[in-house]
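Chemist: missing the sequence, but the structure's below:
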């Protein structure tokens, strides 16, 4: 009985000692430092039975580095504060650069200027259907400027992006119908955009808003229309290996926009944002778009074609239950 009790005593001492040794890095970070009492080992020598059970040095048997309990946990790639918190130039930790580059956003803004110029050539053309094109263009502009304002890298127009986002967002919402008023506002907004492309700040000031929400940046139908256009361009870009080589820059551009939109439509206040199934479809679309971009960078046609198929499937599956 005495030998068994002695073995149990030594076993307890070994367990306590190993636990204290593992916790030592965390204690080193504590402030102010305090002495920590340690248990004394048993005075008697190990008997043969106990020596055969326990390793003489536990750390020789353990695999991997000792944990640093004072270090902050590693964040997942691209993780951070919610994109909603980063919107409108309000800061935040989300790394939008993991989804969309500043060059893609500035190029998209330049492209939408041409769309608007054609949509507002005259009141009759505007009322005859141009207002719908203008609505989509203004909503895309608002989305792009919102992303620039929130971007974690230096991007052109970042100082004026929050103002532009609100101006073009309002113009997009007002273009639901073709009226003299919406035409006049569209003309003024086009002038503001042209001025920004020439290096000037917007001349008009936006109305104040009660907090930033991505759902207020652009109307959902306009976002879906931009996604539909991107899907068609991506399909054309991987129609063959030759087309992939010719259209790789365009394919990359469209993929980055899809990735950013796939993240945005999951944010609070967007319809279905709290539906796990819907969020799963949006996340799958976003991740497939990121894979398309990677395939463009590595010039891997087969990978790009596969990723475009996965993105299209996510979109189709989502449309089957959500409109």
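Modeler: Alright, I've got the coordinates. Values in this document were obtained by computation on a predicted structure and should not be read as measured data. Numbers count the residues shown, from 1 in each chain.
Chemist: next, count neighbours for the closest residue to residue 255 other than its chain neighbours.
Modeler: Using CB to CB, 6 or more residues apart in numbering and skipping residues adjacent in sequence, the residue nearest residue 255 is residue 292, 3.8 Å away. Every C-beta, even on glycine, is put in place using the N, C-alpha and C of the backbone. Counted with other CB atoms under 10 Å, residues neighbouring residue 292 total 28.
Chemist: the helix or strand harbouring residue 292 - what's its average pLDDT?
Modeler: Here residue 292 sits within helix 276-298, counting by DSSP states H and E. Model confidence over helix 276-298 averages 95 on the pLDDT scale.
Chemist: list the contacts for residue 175?
Modeler: Residue 175 makes contacts with 131, 132, 134, 135, 138, 182, 186, as judged by CB atoms under 8 Å, 6 or more residues apart in numbering.
Chemist: closest one of those residues to residue 210?
Modeler: Nearest to residue 210, judged by CB to CB, of the contacts of residue 175 is residue 138 at 21.0 Å.
Chemist: check which helix or strand covers that closest one.
Modeler: When secondary structure is defined by DSSP H and E, residue 138 falls within helix 131-150.
Chemist: after that helix comes which helix or strand?
Modeler: Reading on from helix 131-150 to the C-terminus, the next helix or strand found by DSSP H and E is helix 161-174.
Chemist: tell me the pLDDT at the residue nearest to residue 190 when sequence neighbours are not counted?
Modeler: The spatial neighbour of residue 190 that comes closest, neighbours along the chain excluded (CB to CB, 6+ apart), is residue 116 at 5.0 Å. As predicted, residue 116 sits at a pLDDT of 95.
Chemist: what does residue 46 give?
Modeler: Looking at residue 46, its pLDDT stands at 60.
Chemist: ok, and the helix or strand in this structure with the lowest average confidence?
Modeler: helix 83-86 (a mean of 41; mean pLDDT, DSSP states H and E).
Chemist: quick one: the residue nearest to residue 255 from residue 193, how far?
Modeler: Relative to residue 193, residue 292 is positioned 28 Å away (criterion: CB to CB, to the nearest Å).
Chemist: can you tell me which of the contacts of residue 175 are buried?
Modeler: In terms of neighbour count (16 or more other CB atoms under 10 Å), the buried residues within those are 131, 132, 134, 135, 138, 182, 186.
Chemist: distance between stretch 302-315 and the chain's centre?
Modeler: Between the mean C-alpha point of stretch 302-315 and the mean C-alpha point of its chain there is a distance of 19 Å (CA atoms, centre = their mean, to the nearest Å).
Chemist: what comes into contact with that stretch?
Modeler: Contacts of stretch 302-315 from elsewhere in the structure, counted by CB under 8 Å, 6+ apart, are 227, 231, 234-235, 237-238, 244, 251, 258, 281-282, 284-285, 288-289, 291-292, 294-296.
Chemist: who's in contact with residue 167?
Modeler: Neighbour list for residue 167: 189, 192, 202, 204, 206 [criterion: CB under 8 Å, 6+ apart].
Chemist: residue 219 reaches residue 138, doesn't it?
Modeler: No. With contacts counted by CB atoms under 8 Å, residue 219 stays clear of residue 138, the gap being 9.5 Å.
Chemist: output the below-cut-off pLDDT ranges for the protein.
Modeler: 1-92, 323 (pLDDT under 70).
Chemist: can you show me the helices along it?
Modeler: Assigned helices in the chain, in chain order: 2-29, 48-53, 58-61, 83-86, 102-119, 123-125, 131-150, 161-174, 180-197, 220-237, 241-246, 248-264, 276-298, 301-321 (criterion: DSSP state H).
Chemist: all set now, cheers.
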